[in-house]
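Undergrad: Fold the following for me, if possible:
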Amino acid sequence: MDIMKKCWFMVIIILLAGKIFPQTSFSTGNIGIDMNYDGRIQLYQYDLTGALNLYSFSILVGTSPSTVFDYWQDSGIQDSTKSYYDSLNSSFVLYGSFNNSYSNLPPNILVKTYITGWPGSTYILIKYVIINKETFNLNALVGTEIIPQIDGIQGFDTVKYIDTSNVIDIYKVNHLGLKLLTVNLNSLTSFEYFDGYEKDSSYYNWMTHDILDSIYNSGPDGPVTIASQNFQNINSGDSITVYYGMSYGSSFADVKVGLDSALAKYNDSLTSVLKGKYAFPNINYKVNQNYPNPFNPTTTISFSLPVQEKVILKVYNILGMVVSTLIDEVRQPGNFSVRFNAMNLPSGIYFYELRTDNFRCVRKMVLLK
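TA: This is a model prediction of the structure:
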């Protein structure tokens, strides 16, 4: 698996982000949260212009020493990440779903990810719905991979497990707290970051550490922390749900207050979901990969809308310049397709972006003449 290829492609997208391709995100006023197109979650101090305090938070699902789903090696896009404001619950929401299409290696799962934050809060609620797409049952070990960067500085973070409150506390000066809300943690261990650690057998060993390490003081390369719960059976076509609370503050006491608030939101969601109070809306937006791709000189872009709204569909070159506006009008709900003719454009990489008030998706295409 060429992990560097994926990383460099992400770097290109992020560099272009300042012009037209920002990662989907929200800011509560005290913390900024974003989730990229393959499911990696990051946290910033105050807003997205502040210090990065969490470089990566992502899901792990293992079924054997040679079959572990992780962000770096396996995660591909099912539903592009999108953000919206839930006026009913006065909350910000990020949503995206991710499959194993990057590697096409087992386990074949679909992970739906929902992140909720509230104006003025220093905490978020993370919901993972893990769906078994295999034709057989999975005995799944679910965990998370955490790569901090507290105070925006790499290295010398302390990772501490507070067993009296079941909280992972990561800190230099400021603190980042994480808590598994659905069940208790069964395993927690940290190690110093090193190139090439992303191997299924290594992930599985760390996830089956079966001890909650009380403290780890990292060196200059910084820690990678692996946390996991007990094995759970997932029937074919069925799912399990995992909730995490995450909080940021200047002390552990501040973090604990935020995590207690996240736990209260979690408990409220369990008792209110039947009333629809915290039910996430059914998201049916979809933007398909253009076909054919590569193309010369025409290709078709298709998409779906669940509601009537204004749609803007534009094509950009690699420099972020608009080369064509294909749609700029109100469309009814339904499935649509539009033909793009690049007869007057040179060969190269292009991006098409579909944007509405509630949705945004960017995909890459290649023109070969």
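
Undergrad: Would you map the helices across the protein?
TA: Secondary structure of the chain by DSSP state H: the helices cover 3-17, 200-207, 252-272.

Undergrad: any idea which of those helices scores lowest on pLDDT?
TA: Across these, the stretch with the lowest average pLDDT is helix 3-17; it has a mean of 39.

Undergrad: can you count the residues close to residue 61?
TA: Residues within reach of residue 61, counting by other Cβ atoms under 10 Å, total 27. Where C-beta positions appear, they are placed from N, C-alpha and C, glycine not excepted.

Undergrad: what's the neighbour count on the nearest residue to it once chain neighbours are set aside?
TA: The shortest distance from residue 61 to any residue other than its chain neighbours is 4.3 Å, reached at residue 69 (Cβ to Cβ, 6 or more residues apart in numbering). Residues contacting residue 69 under the criterion other Cβ under 10 Å number 28.

Undergrad: Where does pLDDT dip in the stretch 151-300 of the chain?
TA: In the predicted model, the stretch 151-300 of the chain carries pLDDT under 70 at residues 270-284.

Undergrad: show me where it has strands.
TA: Residue ranges of the strands in the stretch 151-300 of the chain, as given by DSSP state E, counting those that start in this stretch, are 158-162, 167-171, 175-180, 187-192, 215-217, 223-228, 232-234, 239-249, 286-287, 298-305.

Undergrad: so which of those strands comes closest to residue 77?
TA: For the strands of the stretch 151-300 of the chain, proximity to residue 77 was assessed by Cβ to Cβ; strand 286-287 is nearest, at 10.0 Å.

Undergrad: Would you check that the residue nearest to residue 61 makes contact with residue 58?
TA: No. Between residue 69 and residue 58 there is no contact, the gap being 9.9 Å when judged by Cβ atoms under 8 Å.

Undergrad: okay, and the common contacts of those two?
TA: When contacts are counted by Cβ atoms under 8 Å, 6 or more residues apart in numbering, residue 69 and residue 58 are jointly contacted by residue 75.

Undergrad: hang on, residue 112 packs against residue 97?
TA: Yes. Taking Cβ under 8 Å as the contact criterion, residue 112 and residue 97 are neighbours in contact, 4.5 Å apart.

Undergrad: Find residues that contact each of these two.
TA: Shared contacts of residue 112 and residue 97, defined by Cβ under 8 Å, 6+ apart, comprise residue 79.

Undergrad: got the contact list for the nearest residue to residue 338 once chain neighbours are set aside?
TA: Setting aside the residues directly before and after it, residue 338 is nearest to residue 326 in space (Cβ to Cβ, 6+ apart), at 5.0 Å. Residue 326 makes contacts with 301, 313, 314, 315, 338, 340, 352, as judged by Cβ under 8 Å, 6+ apart.

Undergrad: One more: residue 317?
TA: Contacts for residue 317 were tallied using Cβ under 8 Å, 6+ apart; they are 323, 345, 348, 350.

Undergrad: Can you select the buried ones from those in PyMOL?
TA: What follows is the PyMOL syntax selecting those of the contacts of residue 317 that are buried according to 16 or more other Cβ atoms under 10 Å:
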select buried, resi 323+345+350
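
Undergrad: Save the contacts of residue 317 as JSON lines, and put in distance to residue 108 too.
TA: Formatted as JSON lines, the contacts of residue 317 follow (distance: Cβ to Cβ, whole Å):
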{"residue": "323", "distance to residue 108": "37"}
{"residue": "345", "distance to residue 108": "38"}
{"residue": "348", "distance to residue 108": "34"}
{"residue": "350", "distance to residue 108": "31"}
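
Undergrad: In strands, which of the contacts of residue 317 fall?
TA: Assigned to strands by DSSP state E, the following of the contacts of residue 317 qualify: 323, 348, 350.

Undergrad: Quick check, the last one in contact with residue 365.
TA: Yes. Residue 350 sits in contact with residue 365 when judged by Cβ under 8 Å, with a separation of 5.4 Å.

Undergrad: Pull the distance from the biggest strand by length in the chain to the chain's centre.
TA: For the chain, the strand reaching the highest residue count under DSSP E is reported as strand 52-64. When distances are taken as Cα atoms, centre = their mean, to the nearest Å, strand 52-64 is centred 9 Å away from the chain's centroid.

Undergrad: how many degrees apart are it and strand 175-180 in direction?
TA: Between the axis of strand 52-64 and that of strand 175-180 there is an angle of 30 degrees, by axes from the mean of the first three to the mean of the last three Cα atoms, to 10 degrees.

Undergrad: Show me what strand 52-64 pairs with in its sheet, parallel or antiparallel.
TA: strand 41-45 (antiparallel), strand 67-69 (antiparallel), strand 138-148 (antiparallel) (DSSP bridges).

Undergrad: Which of those sits closest to residue 79?
TA: Of all those, strand 41-45 sits nearest to residue 79, with 15.7 Å by Cβ to Cβ.

Undergrad: sorry, back to before: what residues does the residue nearest to residue 61 make contact with?
TA: The neighbourhood of residue 69, defined by Cβ under 8 Å, 6+ apart, consists of 59, 60, 61, 62, 75, 100, 107, 109, 111.

Undergrad: Ok, residue 29 next?
TA: By Cβ under 8 Å, 6+ apart, the residues touching residue 29 are 46, 47, 119, 120.

Undergrad: Pull up the per-residue confidence for the closest residue to residue 335 other than its chain neighbours.
TA: Excluding the flanking residues, the one nearest residue 335 by Cβ to Cβ, 6+ apart is residue 304, at 5.0 Å. In the predicted model, residue 304 carries a pLDDT score of 84.

Undergrad: Report the residue ranges of every domain in the protein.
TA: Following automatic domain parsing, one gets these domains for the chain: 23-275, 286-367.

Undergrad: Tell me which of the ones you listed sits most buried.
TA: Taking mean count of other Cβ atoms under 10 Å as the contact definition, the stretch among those with the greatest mean neighbour count is domain 23-275, which reaches a mean of 19.
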